[in-house]
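*Asks:* Sequence isn't available, so here's the structure alone:
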């Protein structure tokens, strides 16, 4: 099944997947997935475990290459070549336990020398964390790590934000705050793709809901965003 | 050589300063090897000078494997490596920073080990002692440059702790031999170690260059 771009047409397409398949050995994690993701929209990917959500996100991030098919972002670039414009948050924190949140963020912002980044303290405040907290990340709760991880991906102000299970380990109130933050982010004409098992938490910002089943697009429905 | 190299290096040094995982584990293991060999061989006089070079190099080699494995294990523990892959920096910077950090850690262990070594093996240097300041860093660089590369190569395998020495030791063998023979030549004063020092330098240049050129492929491997 192909997911078409909606009314905007291809001039506002942020990412395009054309018949993308991904094989791990003989196992097909994705099968012939085609989609166009528009700028400034939020897409929520749902599906059972093993449906191919994380694989699709990693392909969009340029961390995996499709076995078949093509992926282009920002008008024809390979995701790997455009990686500084893409933010990817995995379900692991992707941060060092031995450093404080601010030290972690300072490290990653220094890896984006040509790109204007948010100040680490500012990014931490945006996700509701105290930047002056002297504890190392290893002493944080899972929810706090998740928020620090979000601060990390927001640092270089990416144009395409890929979030893999961002609400896991979060209480409902923290998840609600994250959704509000993402709604503000999307208003800057930035595209967000979220995978989640908690569809109701992402519903307030979901412009489109894409369901994957056994590596294929099972359905593609408009959401009813309220933020 | 970019600022990203120093960013990676400063981060590795800060983490090691806090955890001291690499240095502590290497030091403990190397001390154990040095003490056990001294008990097993009862080294004195000329015999001590004959075997000391080999014991020092083998102790360093075995001890550094644990640090080399830990260096990349830290990067994959919370998928930090993926975040590094997403950053618009060269893989060569990441590799070189890791090599420099590991080189520093192994060198610190060698410095701490030196007085223990002198005491347990009753060593007196018969040759030019300053040449040791060339041989040890060159040999250590050969070990950590290869070790860091092959540790990255085996990072995604199930038995990476086992795989690293299996790949590393055979490839490191020429450098190990040169390091042992050069050290023994200096300690005994019997022959000129210049040839072995040149061989070590050549080995370092070739393997560091090849590793730098290939590291991006290793980093982006799925």
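*Replies:* Good, I have the coordinates. Just so it is clear, the model here is predicted, and its values are computed rather than measured.

*Asks:* and residue A:221, how many neighbours does it have?
*Replies:* Neighbour count for residue A:221, taken as other CB atoms under 10 Å in any protein chain shown: 11. (Each C-beta comes from the backbone N, C-alpha and C, glycine too.)

*Asks:* Three-state assignment for it, please.
*Replies:* Classification of residue A:221 using DSSP: H, G, I helix; E, B strand; the rest coil returns strand.

*Asks:* Buried ones in the strand or helix carrying residue A:173, by neighbour count?
*Replies:* With elements taken from DSSP states H and E, the one containing residue A:173 is helix A:172-186. When burial is assessed from 16 or more other CB atoms under 10 Å in any protein chain shown, helix A:172-186 yields the following buried residues: A:174, A:175, A:178, A:179, A:181, A:182, A:183, A:185, A:186.

*Asks:* Might you report the residue contacts of the closest residue to the first one other than its chain neighbours?
*Replies:* With sequence-adjacent residues excluded and distances taken as CB to CB, 6 or more residues apart in numbering or on different chains, residue A:174 is closest to residue A:143, at 5.6 Å. Residue A:143 makes contact with A:169, A:170, A:171, A:174 under the criterion CB atoms under 8 Å, 6 or more residues apart in numbering or on different chains.

*Asks:* run the last query once more with 10 Å
*Replies:* A:167, A:168, A:169, A:170, A:171, A:174, A:175, A:178 (CB atoms under 10 Å, 6 or more residues apart in numbering or on different chains).

*Asks:* Let's have the residues you listed in JSON lines, adding distance to residue B:168 and pLDDT.
*Replies:* Listed next are the contacts of residue A:143 as JSON lines, based on distance: CB to CB, whole Å; pLDDT from 0 to 100:
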{"residue": "A:167", "distance to residue B:168": "43", "pLDDT": "86"}
{"residue": "A:168", "distance to residue B:168": "38", "pLDDT": "82"}
{"residue": "A:169", "distance to residue B:168": "38", "pLDDT": "76"}
{"residue": "A:170", "distance to residue B:168": "42", "pLDDT": "81"}
{"residue": "A:171", "distance to residue B:168": "47", "pLDDT": "83"}
{"residue": "A:174", "distance to residue B:168": "45", "pLDDT": "83"}
{"residue": "A:175", "distance to residue B:168": "46", "pLDDT": "86"}
{"residue": "A:178", "distance to residue B:168": "44", "pLDDT": "87"}
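
*Asks:* Closest one of these to chain B?
*Replies:* Looking at those and their distance to chain B, the nearest is residue A:169, at 13.1 Å (CB to the nearest CB).

*Asks:* Could you double-check that that closest one lies in contact with residue A:91?
*Replies:* Yes - here residue A:169 lies in contact with residue A:91, judged by CB atoms under 10 Å, at a distance of 8.7 Å.

*Asks:* joint contacts of the two?
*Replies:* Taking CB under 10 Å, 6+ apart as the contact criterion, the residues that touch both residue A:169 and residue A:91 are residue A:146.

*Asks:* quick one: low-confidence ranges for chain A?
*Replies:* Within chain A, the stretches falling below the threshold (pLDDT under 70) are A:1-11.

*Asks:* which SS class is the residue nearest the centre of it?
*Replies:* In chain A, the C-alpha closest to the average C-alpha coordinate belongs to residue A:162, at a distance of 1.4 Å (CA atoms, centre = their mean). Residue A:162 carries the three-state label strand when classified by three-state DSSP.

*Asks:* Ok, residue A:211 next?
*Replies:* Three-state assignment for residue A:211 (three-state DSSP): strand.

*Asks:* again with residue A:227
*Replies:* Each residue gets one of three states, and residue A:227 gets coil by three-state DSSP.

*Asks:* show me the residues around it that make contact.
*Replies:* When contacts are counted by CB under 10 Å, 6+ apart, residue A:227 is found next to A:42, A:179, A:180, A:182, A:183, A:184, A:186, A:187, A:203, A:204, A:205, A:206.

*Asks:* what's the answer for residue B:41, then?
*Replies:* Contacts here follow CB under 10 Å, 6+ apart; on that basis residue B:41 touches B:47, B:48, B:50, B:51, B:55, B:121.

*Asks:* Quick one, grab the pLDDT at it.
*Replies:* You'll see residue B:41 listed with a pLDDT of 78.

*Asks:* how about the residues of chain B near chain A?
*Replies:* The interface of chain B toward chain A, taken as CB under 10 Å from any CB of the partner chain, is made up of B:2-4, B:6-8, B:10-12, B:14-19, B:21, B:74-89, B:93-94, B:220, B:222.

*Asks:* coming back round to it: name the element the residue nearest to residue A:174 belongs to?
*Replies:* Secondary-structure assignment from DSSP H and E places residue A:143 in helix A:142-154.

*Asks:* Buried ones in that helix, by neighbour count?
*Replies:* By neighbour count with 16+ other CB under 10 Å, helix A:142-154 contains the buried residues A:143, A:144, A:145, A:146, A:147, A:148, A:149, A:150, A:151, A:152, A:153, A:154.

*Asks:* Many thanks, we can stop here.
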